[in-house]
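Asks: Here is a sequence together with a model predicted from it:
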Amino acid sequence: MPCDLLPAISVGLSASAAKTDQGKSVTITAMVKNDPSGSGVSWSLIGPGSLASQSPNSVAYVAPAPSTISIEFCFVINPNYSGRS
């Protein structure tokens, strides 16, 4: 019996701004395609600052001071797949 293949899950990211000031936030939105469960992504931060208002499709990064950071996401439906922005 052949297996039905599902389309590959993919994600696109967009940010409300490319830079922010100390104490201000930038909202990052994930546009997940072909997620049969609708689970979206989970978020983690690599570097200073904090993440707030986390949801499966967006997160706000709050900057503590001028710095360079990476924000990592993992697909909730399959945490083995992740990306970094």
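Replies: Yes, it's here.
Asks: The residue nearest the centre of the chain: what's it in contact with?
Replies: Residue closest to the mean C-alpha point of the chain, counted by CA atoms, centre = their mean, is Phe73 at 4.3 Å. Contacts here follow CB atoms under 8 Å, 6 or more residues apart in numbering; on that basis Phe73 touches Val11, Leu13, Ala30, Val41, Ser42, Trp43, Ser44, Ser82, Gly83, Arg84, Ser85. Heads up, the C-betas are built off the backbone N, CA and C, glycines and all.
Asks: Now render those residues as JSON lines, adding neighbour count.
Replies: Converted to JSON lines, these look like this (neighbours: other CB atoms under 10 Å):
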{"residue": "Val11", "neighbour count": "19"}
{"residue": "Leu13", "neighbour count": "15"}
{"residue": "Ala30", "neighbour count": "22"}
{"residue": "Val41", "neighbour count": "26"}
{"residue": "Ser42", "neighbour count": "16"}
{"residue": "Trp43", "neighbour count": "19"}
{"residue": "Ser44", "neighbour count": "14"}
{"residue": "Ser82", "neighbour count": "14"}
{"residue": "Gly83", "neighbour count": "14"}
{"residue": "Arg84", "neighbour count": "10"}
{"residue": "Ser85", "neighbour count": "13"}
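Asks: so which of these comes closest to Ala52?
Replies: Ala52 has its nearest neighbour among the contacts of Phe73 in Trp43, at 10.3 Å by CB to CB.
Asks: returning to what we had before: and the residue nearest to the centre of the chain, helix, strand or coil?
Replies: strand (DSSP: H, G, I helix; E, B strand; the rest coil).
Asks: For it, list each beta-bridge partner.
Replies: Trp43, Gly83 (DSSP bridges).
Asks: what about it, distance to Ala52?
Replies: 16 Å (CB to CB, to the nearest Å).
Asks: how about low-confidence regions in this structure?
Replies: Residues of the chain meeting the criterion pLDDT under 70: 1-6, 85.
Asks: Please look at Tyr81 and Val41 and confirm they touch.
Replies: No. With contact defined as CB atoms under 8 Å, Tyr81 does not reach Val41; the gap is 9.6 Å.
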